[in-house]
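Student: Predicted model follows, preceded by the sequence.
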Amino acid sequence: MNEKQWAREALTISGVHAERCMKCGKCSGACPSYEFMEYHPHQFVDMILKGGFEKLSNSQSVYKCLSCFVCVERCPRSVFPANIIEAVRTLTERSIGGDKIAADMISEMDDAPQQLLMEAFRKFSK
């Protein structure tokens, strides 16, 4: 797939209308992972529209997102940046292929947050 097809797929999976974004930065300003991310929530939205899927999928920012949805709550236009980040993460993992977590690995991850474990099962057990 080319950049536009990846971006279109990410927008389809996320269900987000990225063109609504007015680039106010409120989502990024509220992000608890802001200082650890190369690309911030508002940049994900902008880069998807401009065809930057490859940069986003190769960035560790995809995995730094906590999926806390603070960006979703702060967005005045209901753009849902977290959904875009999750869609990029999902497409990246699908392109790599294979399961990333097995049920028997859970006992080794006893300090992981429950939300992380449930998301991992949901995404990678299909």
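Tutor: That came in fine, so what should we check first?

Student: Show me the shaky parts of the chain.
Tutor: 98-115, 117, 120-126 (pLDDT under 70).

Student: Run through the helices of it in chain order.
Tutor: Counting by DSSP state H, one finds helices in the chain at the ranges 3-14, 26-30, 41-50, 53-58, 61-64, 70-74, 81-96, 114-124.

Student: What lies in contact with the second one?
Tutor: I take that to be helix 26-30. Here helix 26-30 makes contact (Cβ atoms under 8 Å, 6 or more residues apart in numbering) with 34, 40-43, 70-76, 79, 81. Every residue, glycine included, has its C-beta placed from N, CA and C.

Student: How far off centre is it?
Tutor: 15 Å (Cα atoms, centre = their mean, to the nearest Å).

Student: Output that helix as CSV, nothing but the C-alphas.
Tutor: Extracted as CSV, the C-alpha positions of helix 26-30 are listed here (Å, rounded to 0.1, in the frame of the first residue of the first chain):
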residue,chain,number,x,y,z
LYS,A,26,-5.0,21.2,23.4
CYS,A,27,-4.8,17.5,23.0
SER,A,28,-1.0,17.5,23.1
GLY,A,29,-0.9,20.0,25.9
ALA,A,30,-2.9,17.6,28.1
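
Student: Name the residues of that helix that come out as buried.
Tutor: For helix 26-30, a neighbour-count test (16 or more other Cβ atoms under 10 Å) marks 26-28, 30 as buried.
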